[in-house]
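**Q** Quick check, what structure comes out for this input:
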Amino acid sequence: MTIAPTIGVFALQGDVREHARCLEQAGAKAVAVRRPEELEAVDALVVPGGESTTMWKLADAFELLEPLRARIKAGMPAYGSCAGMIMLADRIEGGIEGQQTIGGIDMVVRRNAFGRQVDSFESDIDFAGMGPLRAIFIRAPWVESVGSDVDVLARAEAGDRIVAVRQGPLLATSFHPELTGGCDVHSYFVEMVREL
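**A** From the prediction side, this is the model:
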């Protein structure tokens, strides 16, 4: 893998600029991905926070859903935060009728599990041995269950819920690390991409 991998940010909806800034700070080249040909040109992908049902519908409308699934299945590294976690889940609870995901991580994720916008909160969590990491949860999901190949990287104090996981080249968090000013999770992901 190149020293500065090219990492796309799914740019049809969500907090794209913040993720791009953190990826650049972590040593990657960040590019927006809105079309299948842009997806083909990247080494890895970030699916940002936003609204998972809107992301699914836009990915389908822009003919990105199947190419995304194909690249993930072929082993492309990807990181999803908040709504991005939902998009990388094989199964979801609390979704709208017929809601689809990209899939890839053998987990069940519950949408809006921590509550509505007014229930948003910040908390310090221990992420994969990095020590305390500030996490911002906004209408956040949590992981209900994981398969045997999924590593749990972090839990929230609120009910000891799973809030970060990794399965091979796929990483997901229910919180928004791009909003804290620190880019530790993005650095972790960029190192994952370099190692694969």
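**Q** Next one: I7 from H186, what distance?
**A** 9 Å (Cβ to Cβ, to the nearest Å). Bear in mind the C-beta positions are built from the backbone N, C-alpha and C, glycine included.
**Q** Show me whatever sits in contact with both of the two.
**A** 23, 28 (Cβ atoms under 8 Å, 6 or more residues apart in numbering).
**Q** so where's this protein uncertain?
**A** 1-2, 113-119, 158-159 (pLDDT under 70).
**Q** Which residue ranges of it form strands?
**A** Under the criterion DSSP state E, the chain contains strands at 6-10, 29-33, 44-47, 78-81, 89-93, 105-110, 121-126, 132-137, 142-146, 151-156, 161-167, 170-173.
**Q** Dump the C-alpha coordinates for the first one into CSV.
**A** Output in CSV follows, covering the C-alpha atoms of strand 6-10 (Å, rounded to 0.1, in the frame of the first residue of the first chain):
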residue,chain,number,x,y,z
THR,A,6,-6.4,7.5,-1.5
ILE,A,7,-9.4,7.3,0.8
GLY,A,8,-12.8,8.2,-0.5
VAL,A,9,-15.6,9.8,1.5
PHE,A,10,-19.1,8.9,0.5
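**Q** re earlier: which one of the strands of the chain is the most hemmed in?
**A** The highest mean neighbour count among the strands of the chain, using mean count of other Cβ atoms under 10 Å, belongs to strand 78-81: a mean of 30.
**Q** Off-centre distance for that strand?
**A** 2 Å (Cα atoms, centre = their mean, to the nearest Å).
**Q** Packing partners of it?
**A** strand 44-47, helix 83-88, strand 170-173, helix 184-195 (3 or more Cβ pairs under 8 Å, 6 or more residues apart in numbering; DSSP states H and E).
**Q** Name the residues of the longest one that come out as buried.
**A** Judged by neighbour count (16 or more other Cβ atoms under 10 Å), helix 184-195 contains these buried residues: 184-190, 192-194.
**Q** Distance to A70 for the strands of the chain - can I get that in CSV?
**A** As requested, these are exported to CSV (distance: least, Cβ to Cβ, whole Å):
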stretch, distance to A70
strand 6-10, 15
strand 29-33, 14
strand 44-47, 12
strand 78-81, 12
strand 89-93, 16
strand 105-110, 16
strand 121-126, 33
strand 132-137, 31
strand 142-146, 24
strand 151-156, 24
strand 161-167, 17
strand 170-173, 14
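**Q** mind checking which of those strands is nearest L23?
**A** L23 lies closest to strand 29-33 among the strands of the chain, at 4.1 Å (Cβ to Cβ).
**Q** How about the contacts made by the one residue sitting closest to the centre of the chain?
**A** When Cα atoms, centre = their mean is applied to the chain, the residue found nearest the centroid is G80 (0.6 Å). Listed by Cβ under 8 Å, 6+ apart, the contact set of G80 reads 46-48, 86-88, 170-173.
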